[in-house]
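**Q** predicted model and sequence follow; I will ask about them next.
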Amino acid sequence: MNRRSFAQHSLGWFAISGVSSCATQYKVPVETTYKEVVSSVLMSADEKTLVVMTDHFHYIFDIPAPLVQALKGTFHPYVKATFSTFRVDARGKMSGAISLLILSAPNDALETAISAGFTRISNGAVLTIPLHGERFTSVNILPTAQYRLNTTYEIDVVIEGYTYKPTPIASVEGGLALWGLILIGAPIALVSGQK
């Protein structure tokens, strides 16, 4: 083999192996699905932020206006809530939904819910609200007994990679605070299962 063909042959293999090497180093995000156990659902005192807490992560959302109406409305004792699957991207941004269901409510409560945006169904009313926010690592900030739900619930979480962002929630005297605002228990009755 002469020098010229040897050089061409060597450069060809180098180019192929370089492409191959690049292809193996680039990792396409792989989705992983797992279950989280929800121990608390809180909201900020200004009613602008919703916090879903698990032992490992805090999911923090802006509260959409229809959800505030559902939490404050006279019909809220009849509302059951179900969280959809939470989807978290590699930057920690996440999305999901909360479905609010009213069954066996008096007519006046049902009519108030419908005027607040619920859709009438055969035996009550329903409203599904998209949620957008971020996931933070709990950093051992866990809800105290005053914040814990009477029972825990599971939600499905789908992630594309992992980002470590420490929670903005802090322990303060008498409870928990988010960005300086006291957190209070959200008056939501969760039902188990996901949509």
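**A** Nice, thanks for sending it over.

**Q** drop to CA atoms for contacts and neighbour counts, all remaining ones
**A** Noted.

**Q** nearest spatial neighbour of Val37, chain-adjacent residues omitted?
**A** Once flanking residues are discounted, Val37 sits nearest to Glu154: 4.5 Å by Cα to Cα, 6 or more residues apart in numbering.

**Q** after the one helix or strand that neighbour maps to comes which helix or strand?
**A** Element membership of Glu154, judged by DSSP states H and E, is strand 153-160. Once the chain leaves strand 153-160, the next helix or strand it forms, by DSSP H and E, is strand 169-172.

**Q** for the strand holding Glu154, C-alpha coordinates in CSV please.
**A** Coordinates of each C-alpha in strand 153-160 appear next as CSV, following Å, rounded to 0.1, in the frame of the first residue of the first chain:
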residue,chain,number,x,y,z
TYR,A,153,-51.8,9.6,47.7
GLU,A,154,-49.7,8.5,44.8
ILE,A,155,-49.1,10.4,41.6
ASP,A,156,-47.2,9.2,38.5
VAL,A,157,-44.2,11.3,37.5
VAL,A,158,-42.4,11.2,34.1
ILE,A,159,-39.0,12.7,34.0
GLU,A,160,-36.5,13.5,31.3
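
**Q** thinking again about what came up before, wait, isn't the residue nearest to Val37 in contact with Lys35?
**A** Yes - the criterion here is Cα atoms under 8 Å, and Glu154 meets it with Lys35 at 6.2 Å.

**Q** of those two, who's got more company?
**A** Glu154 (18 against 13; other Cα atoms under 10 Å).

**Q** and that one, how far is that from Thr82?
**A** According to Cα to Cα, to the nearest Å, Glu154 and Thr82 sit 10 Å apart.

**Q** for this protein, spot the helix or strand the model is least confident about on average.
**A** helix 3-25 (a mean of 47; mean pLDDT, DSSP states H and E).

**Q** would you indicate which residues of whatever helix or strand comes next after it are buried?
**A** Toward the C-terminus, helix 3-25 is succeeded by strand 31-38 as the next helix or strand (DSSP H and E). By neighbour count on 16 or more other Cα atoms under 10 Å, the buried set for strand 31-38 is 36, 38.
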